[in-house]
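Participant: curious how this folds, go ahead:
(chains A and B)
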Amino acid sequence: MKDIILQYVIEEYLEDDDEEITYDTPLISGGFVDSFSMVSLKVFLETRFKISLPDDKATPEAFDSVNNIVNLVNEFIE
Amino acid sequence: MSNIGSLEKRIKNFDWSISEKELDYKDGDTINIAWYCSDRICQMGKADKLALIYEGFGGVEKKYTFNDIRLAGNTIAIFLRNLGIVQENRVCLFMDRIPELYLSFLGVLKIGAIVQPLFSAFGEESLYVRLENAQTRAIITQSKHLSKVRKIIDKLPSLEHIIIVDHKESKPLQKNEVPFNLEDATPIEDFEIFPTKANSPSVLHYTSGTTGQPKGVRHVHYSLISQYLTTKWILDLQDNDIYWCTADPGWVTGTSYGIIGPWSLGITQCVLNSGFSAETWYKFIEKQRITVWYSAPTAIRSLMKAGDEIVGKFDLSCLRHLASVGEPLNAEAVVWSEKVFNKQFLDTYWQTETGSIMITNFPGMKIKPGSMGKAFPGIEAALLDPKTFEPFVEHGKIGLIAFKPGWPAMMTTYWNNNEKFEEKFKNGWYLSGDRSSIDNDGYFWFTGRDDDVINTGGHLVSPFEVESALLEHEAVSESAVVAKPDEVNMEVVKAFITLKPGYEPSDELELKIMNFIRKKLSPLAMPQDIEYMDSLPKTRSGKIMRRILHAKEWGEETGDISTLDNE
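Facilitator: Alright, predicted model coming up:
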């Protein structure tokens, strides 16, 4: 799951080929993913992992790194 | 003691010459914003004072004195001039909030060229229409944004120079690309600044309307007169202040009050080039000891959502004065800021077209949370009857916010579209496109826009632009775009679409369409919600009735639907 999410973030949100991110890179506070784009990332997670994430759980903090996202998704996978 | 002192006295004795005198400007003199923001401050004995404290990703910090920004402005100016850029050529700044963005702003103005700042999150289509409209001759950008420029360069014959501020030698350059690393360049001590006059164009900001392509709002160097004085009296910047304007210079707040206002006053300002999180922002305020903070309601509401507890983890006692801009500031946010910061955020109201603050809450004035405040001295503001365009005499009615033209920062035209510019005036009033009421004490209360433009997080998005882009997606047959209420951003973009034969509604398709718009236009324009429809509501003549969809989203009455085609 970690790699799927990391790969998606790299392909969809990173503009510069030279930029490198890891599982711990701050995505939102680091400026790689803006708050508006979080919505598309949420839709990706919901469709890819067949889950429903409540809006109040989809916070900038919960989305701020791949590791944080994995923790969030795991909460909702049955 | 605040800079403005007694508002009543200021109103009584007001004349824009107050600002002209403080800036040693007389009618007919040369006036160049870049000179006022750097060279003049150095001549006033503040050459060694910090002008810019920059913090980037990973805590990277850079500091520039007023002499540093003067030299950098000269160096960039010479570089541009050597490329053949001359007065009134349009030079686009397409960068994140890195120091080169702020310094290039000065460099472009020093040669008399026009700065065209564009939000770096714009996708290639948004970038293209604005560069094409302005017939932009040069763009200054970063390697990370180069791919967007490369996709459109062949359609832009006027774009002769693509200047890359962080080029790495290992990467091959392509058509019209030229590297320019400021840190490697020899600083230029003396530069003869182009003698711009009051009406010489300075900045070209693009803004969205309900229909048609974005419009280039043309400002002139004389706008400094308003921007200087409003910064001094409303943001109350004083010599020892450390100021933080959170707006991006891709938008007008980021230039009028994120560059021109503070630097023309010789004030140290901070820039944080990173994404948003409550912790990052509070840490930045604490670390830089920020005293004056100019932010936006969306950010304030996001901080509210992060909770009160986190505020207590930081020493924010340095904060002296707070103000807000971009969209109406709700009363709850004002009350909250007083509770957690012991200071109220003062709402300010203005637009790209007005160039400077028009209606505002002043330091020292009684604040009515949720109100826009009162007109700035020298600004004649009124509410017009939407039918007659005559000012309402009685209070309490909702009317069109309008201003008597004549303040120094007012736009001079829409670029290549004087017809649209003329449409903004009725009976000698400039129409803002917003509605409000005025109470018995003269306070303005915002009620909404007078058109379909979506204000999301303080940024205007044209439904027409998004609808047009949606139709370019292979699956979309028809589209209608409206504002949807949002707790944090006030409004977000919502799209209603019908699909072409062979396509079925699905979450996967929704995601593909979202990402398509995000990359083509911008994250702001990306629909946060897409609803599949069998058909869109239309008039019998085939026009999509956006207002019915809007009413549905806002839980309002749909109004007259006699023209709706029910077939």
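
Participant: how many residues are close by the closest residue to chain A within the stretch 101-250 of chain B?
Facilitator: In the stretch 101-250 of chain B, the residue that lies nearest chain A is residue B:144 (3.4 Å; CB to the nearest CB). Where C-beta positions appear, they are placed from N, C-alpha and C, glycine not excepted. Residues near residue B:144, counting by other CB atoms under 10 Å in any protein chain shown, number 17.

Participant: skipping adjacent residues, who's closest to it in space?
Facilitator: Spatial nearest neighbour of residue B:144, chain neighbours left out: residue A:16 (3.4 Å); criterion: CB to CB, 6 or more residues apart in numbering or on different chains.

Participant: contacting residues for that neighbour?
Facilitator: Shown in contact with residue A:16 (CB atoms under 8 Å, 6 or more residues apart in numbering or on different chains): B:142-144.

Participant: then residue B:77?
Facilitator: B:106-108, B:110-111, B:188, B:191, B:193 are the contacts of residue B:77 under CB under 8 Å, 6+ apart.

Participant: helices or strands next to the helix or strand hosting residue B:516 in the packing?
Facilitator: Per DSSP states H and E, residue B:516 falls inside helix B:507-520. Secondary-structure packing of helix B:507-520 (3 or more CB pairs under 8 Å, 6 or more residues apart in numbering or on different chains; DSSP states H and E): helix A:38-48, helix B:124-134, helix B:463-471, strand B:490-499, strand B:529-532.

Participant: burial of residue B:190, as a residue count?
Facilitator: 6.

Participant: isn't it up against residue B:70?
Facilitator: No: Residue B:190 is beyond contact range of residue B:70, at 10.4 Å (criterion: CB atoms under 8 Å).

Participant: give me the element residue B:140 is part of.
Facilitator: Following DSSP H and E, one finds residue B:140 within strand B:138-141.

Participant: what element comes up after that strand heading to the C-terminus?
Facilitator: Once the chain leaves strand B:138-141, the next helix or strand it forms, by DSSP H and E, is helix B:146-152.

Participant: can you name the element that comes right after that following helix?
Facilitator: Downstream of helix B:146-152, the next assigned helix or strand under DSSP H and E is strand B:161-164.

Participant: packing partners of the next helix or strand after that following strand?
Facilitator: Later in the chain than strand B:161-164, the nearest helix or strand by DSSP H and E is strand B:177-179. Secondary-structure packing of strand B:177-179 (3+ CB pairs under 8 Å, 6+ apart): strand B:161-164.

Participant: name every strand pairing with the strand it packs on and say which way it goes.
Facilitator: Taking DSSP bridges as the criterion, strand B:161-164 forms sheet pairs with strand B:138-141 (parallel), strand B:177-179 (parallel).

Participant: so which residues make contact with the longest one?
Facilitator: It stands for strand B:138-141. Strand B:138-141 has contacts (CB under 8 Å, 6+ apart) with B:80, B:83, B:85, B:89-95, B:100, B:104, B:120, B:131, B:149, B:159-165, B:180.

Participant: angles on the backbone of whatever residue of chain A ends up closest to chain B, please.
Facilitator: For chain A and chain B, the shortest gap (CB to the nearest CB) falls at residue A:16, measuring 3.4 Å. Per-residue torsions, residue A:16: phi -100, psi 130 (degrees, to the nearest 10).

Participant: residue B:536: which of the contacts of residue B:77 is nearest?
Facilitator: residue B:108 (44.0 Å; CB to CB).

Participant: how far is the helix or strand the closest one falls within from where the chain is centred?
Facilitator: In the assignment (DSSP H and E), residue B:108 maps to helix B:99-110. Counting by CA atoms, centre = their mean, to the nearest Å, helix B:99-110 is centred 17 Å from the centre of its parent chain.

Participant: appreciated, that's everything.
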